[in-house]
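coordinates for the following, if possible.
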Amino acid sequence: MPVPQVNLKPALRATAREWRANIRRLLARGHFILGEELQAFETEFAEAMGARFAVGVGNGTAAIELCLRDAGVSGEVLTSALTAPFTAVGIRAAGCRPRFADVDPETLQMDADDAARRITSRTGAIVPVHLYGQPCALDRFRKLGLLVVQDACQAHGARFRSKPLAAFSPYVAYSFYPTKNLGCLGDGGAIVTNEAGVAQRLRMARDGGRKGGQVSHVAGINSRLDEMQCCFLRAFLPRLGEWNAHRARVAAIYDEELADCPGVRLVRRTPDSVNHLYVIRAERRDDLREYLAAHGIGSAVHY
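Purely as a prediction, here's the structure:
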């Protein structure tokens, strides 16, 4: 039986009654942007992530951009050398210059010590990435004395030492790209925060700087999480804990089976990981990928 890298069909089947009911309500209202589904999802997502507020935006890249813009960051922003290109795309979109810190060779997470050595008078913020669903060392990054904007685009439902991510900085950026632990059927994103003022400003900034009318009061962008995607996200969100637990069980099986496999190096994880991706390093990577593809098993290079 083929094993695709991503398959949303089981999630859609398991939640069909919920998302179909959500879509029926949406079609009856006929309000497709900044409507009741978004408002409800923002409340539900904030609660699920252990934060006071959530602000839905167009994608995870825009989430990072809006956080940096709201904080007034300029100059250079430190981030991980091992992440999706869109982390740096968001930094550049905010008018900043990305600089890259090395990663821990065992966890592949951004190395706080290396980041500390790269801080200069031009460094305005740090964007650590919770890579592959594992929270990085937030306590150590906070001690560096710079604003921390968390890239949690792969870490839906993750905690750091049993505390919500929003407890460690005023900005946590998420993506709902279809491959994520909590994904929609297109692009989507959100920012969670515990600060009411931040949430209020972000809601204006995502909608062109408007307050509901046709006047822009601040410099903003056009990046809104649409109602249709919220219909699916609201159906998926109650299952996130269950799905993350299943990922953890599967990852544990892989760990056991691959522990003594020649030419394979595992990535060390902590119990906080939500196991967005299961990543290994292989001495004969391309040969291994060809072998897997020949047997119907999907794989990819990250990154």
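
quick one: buried residues of stretch 200-209?
For stretch 200-209, the neighbour count (16 or more other C-beta atoms under 10 Å) marks R201, L202, R203, M204, A205, R206, D207, G208 as buried. Bear in mind the C-beta positions are built from the backbone N, C-alpha and C, glycine included.

how far is it from where the chain is centred?
Centroid separation for stretch 200-209 versus its chain: 20 Å, with C-alpha atoms, centre = their mean, to the nearest Å.

so A125 bridges to which residues?
V77, L147 (DSSP bridges).

how far away is it from H295?
To H295, A125 is 44 Å away according to C-beta to C-beta, to the nearest Å.

neighbour count: the two, which is higher?
Using other C-beta atoms under 10 Å as the criterion, A125 and H295 rank with A125 on top: 24 against 8.

surely the more buried one meets A71?
Yes - in this structure, A125 is within contact of A71 by C-beta atoms under 8 Å, at 6.7 Å.

shared neighbours of these two, anything?
L147, V149 (C-beta atoms under 8 Å, 6 or more residues apart in numbering).

hang on, the earlier thing: and of the buried residues of stretch 200-209, the nearest to A300?
R206 (30.3 Å; C-beta to C-beta).

test my guess that the closest one contacts R224.
Yes - R206 is within contact range of R224, at 5.6 Å (criterion: C-beta under 8 Å).

got any residues that touch both of the two?
Contact criterion C-beta under 8 Å, 6+ apart; residues shared by R206 and R224: G56, V57, G58.

just the residues you listed now: which is nearest F168?
Ranked by distance to F168 (C-beta to C-beta), the shared contacts of R206 and R224 are led by V57 at 20.5 Å.

which strand residues bridge that closest one?
Taking DSSP bridges, one obtains G189 as the residues bridged to V57.

tell me, how many residues neighbour it?
Around V57 there are 31 residues (other C-beta under 10 Å).

and the gap between it and S121?
Taking C-beta to C-beta, one finds V57 at 31 Å from S121.

do the same with A199
31 Å.

more crowded one of those two?
A199 (21 against 7).

what helix or strand is the more buried one on?
helix 196-206 (DSSP states H and E).

give me the residues contacting that helix.
Contacts for helix 196-206 (C-beta under 8 Å, 6+ apart): 52-58, 62, 66-67, 69-70, 170-171, 191, 193, 210-211, 217-224.

check what pLDDT the residue lying farthest from the centre of the chain gets.
Most distant from the centre of the chain: P262, at 32.6 Å, with distances by C-alpha atoms, centre = their mean. The per-residue pLDDT reported for P262 equals 96.

ok, it to A282 distance?
Counting by C-beta to C-beta, the gap from P262 to A282 is 10 Å.

what do you get for Y132?
Applying C-beta to C-beta, the value for Y132 to A282 is 16 Å.

higher neighbour count, these two?
Set Y132 next to A282 and count neighbours by other C-beta under 10 Å: Y132 wins out with 22 against 15.
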